[in-house]
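Asks: Need the 3D shape of this:
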Amino acid sequence: MSDRRLRVAAAAAVVAAGALLLLPSPPAVTAPGPGGGGEVLNAPTIDLPATLPDGTTFTPAAVLDPHSVVVQIADADPATATLALLDPADPASPRPLERIPIAGGGSFDAVRVDGAAVYWMSSVADDQGFARSTLHRADASGRVVTLTTDTGHATFTGGMHDLEIADGRVWWTATRGTTVPTTDLRSIPVGGGAVTVRPLEGTYHLTGWPWATDDGIAGQPVVQLDLVSGQRRTFAEPPGQDVYCGALWCRSVVTTQQSAVVTLRRADGTGQTGRINTDGEVSLFLDIAVLDRFEFLAAPISTQAATMSERLTMYDLRAGRRIGLAVATSEGLSGSWVWWATGDNETMTWHLLDLSAVP
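Replies: I've put the predicted structure just below:
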């Protein structure tokens, strides 16, 4: 199950460019399609058994291209894990990028692909047990360059924008130990060099360049900041409701006694949708409206730990249609690619879909 699952209740009042834009009342709770299943997917997937020929298993983390999938391998030694490039045509020969100890809390925290390069941040514990993060870059051949260990106390939401590649730099956020909540916006040239630090008052995280978002706490409004122009957008949250906004879209979820009602609206206050989910469905990923088009929903089928599964559906905002994907046991998202697993144990298979290929 994706740890990026959102289970929130939300509606919103939008303050954009200094004008208050009230969202309309939530639509009636009705199923948005016969049976909620929608159309059948009409696009090819890359299908990969989750067990490699040596018996180890992997989870996709990003896709560099159809011949280079970034994967995290659960090593035969349970104390370590490996990030690698995997060619679907040659699964017996993954190209290792980094192996880290995980027994002490080590992790691969963020992976991002840009052009022909993959960037990632990994964390391992130091002698005092504190996590120390390192930023790396690799090309399609697997050649690795360490960009910096000067990452600050890097923050990770699990969304695809934890690392941003823009204006020739790699960007991320870090917390600063001050009385007033302050975020460090950190960046480094893609080729390496000195890290620059820009303090932002608030608890911001990156949500699609050039926007950063402070989600607000204790009833405070959500605030978005354009890191280039300085423009701000504010989204007020009525009591008992919540809202999350990316660079282009806001997701609202209103909880009722029967279910939750998921609607979307553009961050500029336009393009309000009707209800896009059926009873029992929730938004799957932190990231909203991928490629300015696709929102993902999941409805649990089995919650038993050994057989956890859910019905995965993709809502096409451009066409106003629902596309049924699969009954899945795990899912992930990065860039224009989404993936899900079917089956379990030795039958588990990953299915990778390039969303830019969906008609």
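
Asks: low-confidence ranges in this protein?
Replies: 1-37, 218, 238-241, 303-307 (pLDDT under 70).

Asks: Chain neighbours aside, what residue packs nearest to the residue most central in space within it?
Replies: Centroid check for the chain by Cα atoms, centre = their mean gives G159 as the closest residue, at 2.7 Å. Closest residue to G159 apart from its sequence neighbours, by Cβ to Cβ, 6 or more residues apart in numbering: L286 at 4.0 Å. (Glycine included, C-beta is placed from N, CA and C.)

Asks: residues contacting the residue nearest to the centre of the chain?
Replies: Contacts of G159 were listed using Cβ atoms under 8 Å, 6 or more residues apart in numbering, and they are R4, H205, T207, F285, L286, D287.

Asks: ok, now how distant is the residue nearest to G159 from Q220?
Replies: 19 Å (Cβ to Cβ, to the nearest Å).

Asks: Comparing the two, which shows the higher neighbour count?
Replies: When L286 and Q220 are compared for neighbours, L286 comes out ahead with 22 against 14, by other Cβ atoms under 10 Å.

Asks: Tell me how many other residues surround R233.
Replies: So R233, with other Cβ under 10 Å, has 22 neighbours.

Asks: What's opposite it in the beta bridge?
Replies: A16, Q224 (DSSP bridges).

Asks: which is the next helix or strand following the helix or strand D184 falls within?
Replies: If you go by DSSP states H and E, D184 is part of strand 182-189. Counting by DSSP H and E, the next helix or strand C-terminal to strand 182-189 is strand 196-201.

Asks: Using PDB, write out every CA atom in that next one.
Replies: The C-alpha coordinates for strand 196-201 follow below in PDB (Å, rounded to 0.1, in the frame of the first residue of the first chain):
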ATOM      1  CA  THR A 196      22.600  27.900  -1.600                       C
ATOM      2  CA  VAL A 197      20.100  28.400   1.200                       C
ATOM      3  CA  ARG A 198      17.100  30.600   1.200                       C
ATOM      4  CA  PRO A 199      15.000  30.800   4.400                       C
ATOM      5  CA  LEU A 200      11.200  30.800   4.100                       C
ATOM      6  CA  GLU A 201       9.100  31.700   7.100                       C
END
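
Asks: Counting by contacts, list what it packs against.
Replies: Applying 3 or more Cβ pairs under 8 Å, 6 or more residues apart in numbering; DSSP states H and E, one finds that strand 196-201 makes contact with strand 182-189.

Asks: Summarise which helices and strands the strand it packs on is packed against.
Replies: On a contact count with 3+ Cβ pairs under 8 Å, 6+ apart, strand 182-189 meets strand 169-176, strand 196-201, strand 204-206, strand 211-214.

Asks: Among these, which comes closest to G332?
Replies: Closest approach to G332 among these (Cβ to Cβ): strand 204-206, 18.4 Å.

Asks: That closest one pairs with which strands, and in what direction?
Replies: Strand 204-206 sits in its sheet next to strand 211-214 (antiparallel), going by DSSP bridges.

Asks: and stretch 74-81, C-alpha only, in PDB?
Replies: Output in PDB follows, covering the C-alpha atoms of stretch 74-81 (Å, rounded to 0.1, in the frame of the first residue of the first chain):
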ATOM      1  CA  ALA A  74      15.400  -5.800  -1.100                       C
ATOM      2  CA  ASP A  75      18.800  -7.400  -0.900                       C
ATOM      3  CA  ALA A  76      19.400 -11.000   0.100                       C
ATOM      4  CA  ASP A  77      21.100  -9.500   3.200                       C
ATOM      5  CA  PRO A  78      18.100  -8.000   5.100                       C
ATOM      6  CA  ALA A  79      20.300  -5.400   6.600                       C
ATOM      7  CA  THR A  80      20.900  -3.600   3.300                       C
ATOM      8  CA  ALA A  81      18.900  -2.300   0.300                       C
END
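
Asks: Need the contact partners of stretch 202-214.
Replies: 155, 157, 159, 161-164, 166, 171-173, 175, 181-183, 185, 200, 215, 217, 222-229, 245-248.

Asks: buried sites along it?
Replies: By neighbour count on 16 or more other Cβ atoms under 10 Å, the buried set for stretch 202-214 is 202-214.

Asks: could the residues you listed go into CSV alongside distance to A92?
Replies: Shown next, in CSV, are these (distance: Cβ to Cβ, whole Å):
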residue, distance to A92
G202, 48
T203, 45
Y204, 43
H205, 38
L206, 37
T207, 39
G208, 37
W209, 37
P210, 42
W211, 42
A212, 42
T213, 42
D214, 46
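
Asks: Tell me the one of those nearest E39?
Replies: E39 has its nearest neighbour among these in G208, at 27.2 Å by Cβ to Cβ.

Asks: For that closest one, grab phi and psi.
Replies: phi 120, psi 110 (degrees, to the nearest 10).

Asks: how far away is G177 from F235?
Replies: Distance from G177 to F235, by Cβ to Cβ: 28 Å.

Asks: ok so, going back, hmm, G158 and the residue nearest to G159 touching each other?
Replies: Yes: taking contacts as Cβ atoms under 8 Å, L286 lies within contact range of G158: 5.9 Å.
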